[in-house]
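Trainee: Have a look at this fold, sequence not included:
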């Protein structure tokens, strides 16, 4: 019982001791800064990265957004980061979680991220997720985009291959759609004509 | 879901030398072929291919060694260098140099050198139209000939299929001989006309539609074309390849098709079928190419490699009097860029790896995505861009 009170006291003191981020108080009006700080504190308590939330608020400040819009956007990102962490697990890096939050925002299902993570192992997910999000944002059906990215991940390909996948959708300039020529026998000598 | 959010587009930067990519494969296969005017039979082939893809330069090297019946062999090589010379908005220009050659066990080989200039426009992402004109020289059967090519092409990504359409007109004239009109083109399989009536120049056109797609774990390449000319019998050309990964570095590949004769060197076409394995080479360290200096780099947005002092950012905004940059790597505090000549503005800033958002402002106006990066509508109403920094 005594230990429980000690824990409660520690959490309370710890929560109160978390100072407001001066970047918020310097750049936002007091009410908005306080509201954003509450979201940030909540994220920290949940073990989510807080820097993307602060940056989202600062972006709103620089772009001249009203306070309630900033708070709404920060809250939405908080939710997306939580869903991203639920998909990728607690060991996911901040960069991976941020990219995954964008993918979820773009409409990709969490299980696509989970499959990608299982195929990539400990390798960073930022580039594959960014390419996946980009393809979907560009109108490629999510299933098709997911399959293409997962195929590369399954083959153990490096980030450059994912980048090439995105670029490859650009524009082949030759008569073939790009890639290596087909396997076919070398031709016989020339004929007179 | 708001469309603005769904359009979260990411620019993967390829400005650094580390982004150069080398791809290499070797196909080893066997099959059957029926060449025009030669003995059909079984063949075994080895076909290496390597591609270097850089920011402004692509290099392709391909070769095929084929062991054919009766102890004969053929060796075929093709190289191409593509330089992306200019880019302005949706328009771009590139120069292509090609050198092809063949060598044969019982006959003289051929060579062809062709330079082509292309102008292209990309009206939307994933769609491109281009027009090219090339000229060069070739040698076959001990005779030289001048070569001209005109090409018109389009490509797009439609319903998961990368589709290409091309029209390629090739004409040639035997060097040192009076130009003739009405020559036979692809008259393969027919008896040659009497010697004194053989024309000394000709032209033909290949119209081709091609596609690349995946179904499950199997990838496909396919093409279908028609060759025609003023005095050339029509000829249908086609090819299908399918490939499936067995391991990360090994694929099973099958190909079949009907290739046309080379209009320039008269190397004959064939009907073929081949089965083989494709070994993918793990790309080694990319070639150490120095990034172009910013004063000659015409790219509208340039991110330099990570250095001790940070990364160089250069944006091209001709006519601006003041340019500011802000992003999540500056805590969204605007930083002023320095004029860097020829409409360029520059700064050096530390950018941590990861997905980064940024925007620029010109002369104190509204914030928008830097030129060359696709704009994303921010939740806050302005426009920003996203980049992945490695």
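Mentor: Sure thing, it's come through. Predicted model, so just to flag it, every value in this text is computed and none were measured.
Trainee: how about the nearest residue to residue B:40, chain neighbours excluded?
Mentor: Distances taken as CB to CB, 6 or more residues apart in numbering or on different chains place residue B:34 nearest to residue B:40, at 4.0 Å, with adjacent residues excluded. To be clear about C-beta, it is placed using only N, CA and C from the backbone, and glycine gets the same treatment.
Trainee: For my notes, confirm that neighbour occurs in a strand.
Mentor: Yes. Looking at residue B:34 with DSSP: H, G, I helix; E, B strand; the rest coil, it is inside a strand.
Trainee: Quick check: the gap between it and residue B:234.
Mentor: 19 Å (CB to CB, to the nearest Å).
Trainee: more neighbours, those two?
Mentor: It is residue B:34, of residue B:34 and residue B:234, that has more neighbours when counted by other CB atoms under 10 Å in any protein chain shown, with 14 against 9.
Trainee: what sits against the more buried one?
Mentor: Contact partners of residue B:34, counting by CB atoms under 8 Å, 6 or more residues apart in numbering or on different chains, are B:40, B:270-272.
Trainee: Of those, which belong to strands?
Mentor: Of the contacts of residue B:34, the ones assigned to strands by DSSP state E are B:270-272.
Trainee: filter these down to the ones near chain A?
Mentor: The subset of the ones in strands among the contacts of residue B:34 within reach of chain A, by CB under 8 Å from any CB of the partner chain, is B:270, B:272.
Trainee: and residue A:159, how far is that from chain B?
Mentor: Using CB to the nearest CB, to the nearest Å, residue A:159 is found at 7 Å from chain B.
Trainee: was I right about that residue contacting residue B:390?
Mentor: Yes. Taking contacts as CB atoms under 8 Å, residue A:159 lies within contact range of residue B:390: 6.9 Å.
Trainee: Overlap of the contact sets of those two?
Mentor: Taking CB under 8 Å, 6+ apart as the contact rule, residue A:159 and residue B:390 both touch residue A:127.
Trainee: Pull up the gap between the residue nearest to residue A:33 when sequence neighbours are not counted and residue B:326, please.
Mentor: Of all residues not flanking residue A:33 in the chain, residue A:24 sits nearest, at 4.1 Å (CB to CB, 6+ apart). Distance, residue A:24 to residue B:326, using CB to CB: 16 Å.
Trainee: again with residue B:93
Mentor: Distance, residue B:93 to residue B:326, by CB to CB: 33 Å.
Trainee: For those two, indicate the residue with more neighbours.
Mentor: residue B:326 (22 against 15).
Trainee: Off-centre distance for whichever strand or helix holds that one?
Mentor: Secondary structure assignment for residue B:326, by DSSP states H and E: strand B:323-327. How far strand B:323-327 lies from its chain's middle: 35 Å, per CA atoms, centre = their mean, to the nearest Å.
Trainee: which other helices and strands contact that strand?
Mentor: If contacts are counted by 3 or more CB pairs under 8 Å, 6 or more residues apart in numbering or on different chains; DSSP states H and E, strand B:323-327 sits against strand B:311-316, strand B:335-336, strand B:344-349, strand B:354-362.
Trainee: Quick one, which of the ones you listed gets closest to residue A:134.
Mentor: Evaluated over the helices and strands packed on strand B:323-327, closeness to residue A:134 peaks at strand B:354-362, with 11.0 Å, by CB to CB.
Trainee: what about the closest one, near chain A?
Mentor: Yes. Contact of strand B:354-362 with chain A (CB under 8 Å from any CB) involves B:354-355, B:357, B:359.
Trainee: For whichever helix or strand comes after that strand, name the packing helices and strands.
Mentor: As assigned by DSSP H and E, the chain's next helix or strand after strand B:354-362 is strand B:367-368. The contact analysis (3+ CB pairs under 8 Å, 6+ apart) places strand B:367-368 against strand B:354-362, strand B:383-389.
Trainee: The helix or strand just after strand B:367-368: partners in the sheet, and parallel or antiparallel?
Mentor: For strand B:367-368, the following helix or strand on the C-terminal side (DSSP H and E) is strand B:376-377. In the sheet, strand B:376-377 lines up against strand B:383-389 (antiparallel) (DSSP bridges).
Trainee: mind listing what's buried in the strand it pairs with?
Mentor: Within strand B:383-389, the residues that count as buried by 16 or more other CB atoms under 10 Å in any protein chain shown are B:383-389.
Trainee: One more: stretch B:366-378?
Mentor: Within stretch B:366-378, the residues that qualify as buried are B:367-371, B:373-378, counting by 16+ other CB under 10 Å.
Trainee: you'd agree residue B:375 is up against residue B:369?
Mentor: Yes. With contacts counted by CB under 8 Å, residue B:375 reaches residue B:369, the gap being 3.7 Å.
Trainee: so what's in contact with these two at the same time?
Mentor: Jointly contacting residue B:375 and residue B:369 under the rule CB under 8 Å, 6+ apart are B:383-385.
Trainee: Enumerate the residues of the stretch 251-390 of chain B near chain A.
Mentor: Within reach of chain A by CB under 8 Å from any CB, the stretch 251-390 of chain B has these residues: B:253-255, B:257, B:259, B:261-262, B:265-270, B:272, B:274, B:276, B:278, B:283, B:326, B:328, B:331-334, B:353-355, B:357, B:359, B:367, B:378-382, B:384, B:386, B:388, B:390.
Trainee: Kindly give a single ChimeraX line that selects the buried subset of the residues you listed.
Mentor: The ChimeraX command for the buried members of those (criterion: 16+ other CB under 10 Å) is given here:
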select /B:253,254,255,257,259,261,262,265,266,267,268,269,270,272,274,276,278,283,326,328,331,332,334,354,355,357,359,367,378,379,380,382,384,386,388,390
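Trainee: Surely residue A:40 is within a strand?
Mentor: No. Under the criterion used here (three-state DSSP), residue A:40 is helix, not part of a strand.
Trainee: For it, the count of nearby residues, please.
Mentor: The number of residues packed around residue A:40, counting by other CB under 10 Å, is 22.
Trainee: That one contacts residue A:53, correct?
Mentor: Yes. Residue A:40 lies in contact with residue A:53 (CB under 8 Å); the separation is 5.2 Å.
Trainee: joint contacts of the two?
Mentor: Listed as contacting both residue A:40 and residue A:53 by CB under 8 Å, 6+ apart are residue A:74.
Trainee: May I see the helices and strands packed on strand B:367-368 organised as a markdown table, with mean pLDDT added?
Mentor: A markdown table is the format used below for these (pLDDT from 0 to 100):
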| stretch | mean pLDDT |
| --- | --- |
| strand B:354-362 | 91 |
| strand B:383-389 | 86 |
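Trainee: Can you lay out the ones you listed as TSV showing distance to residue B:70?
Mentor: Below are these laid out as TSV (distance: least, CB to CB, whole Å):
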stretch	distance to residue B:70
strand B:354-362	61
strand B:383-389	56
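Trainee: Compare the ones you listed and give me the one nearest residue B:163.
Mentor: Comparing those by CB to CB, strand B:383-389 comes nearest, at 27.8 Å.
Trainee: what is the orientation angle of that closest one with strand B:311-316?
Mentor: For strand B:383-389 and strand B:311-316, the angle between their directions (axes from the mean of the first three to the mean of the last three CA atoms, to 10 degrees) works out to 140 degrees.
Trainee: Can you list the low-confidence ranges for the stretch 51-200 of chain B?
Mentor: Scanning the stretch 51-200 of chain B for pLDDT under 70 picks out the ranges B:53-55, B:89, B:124-126, B:159-160, B:175-200.
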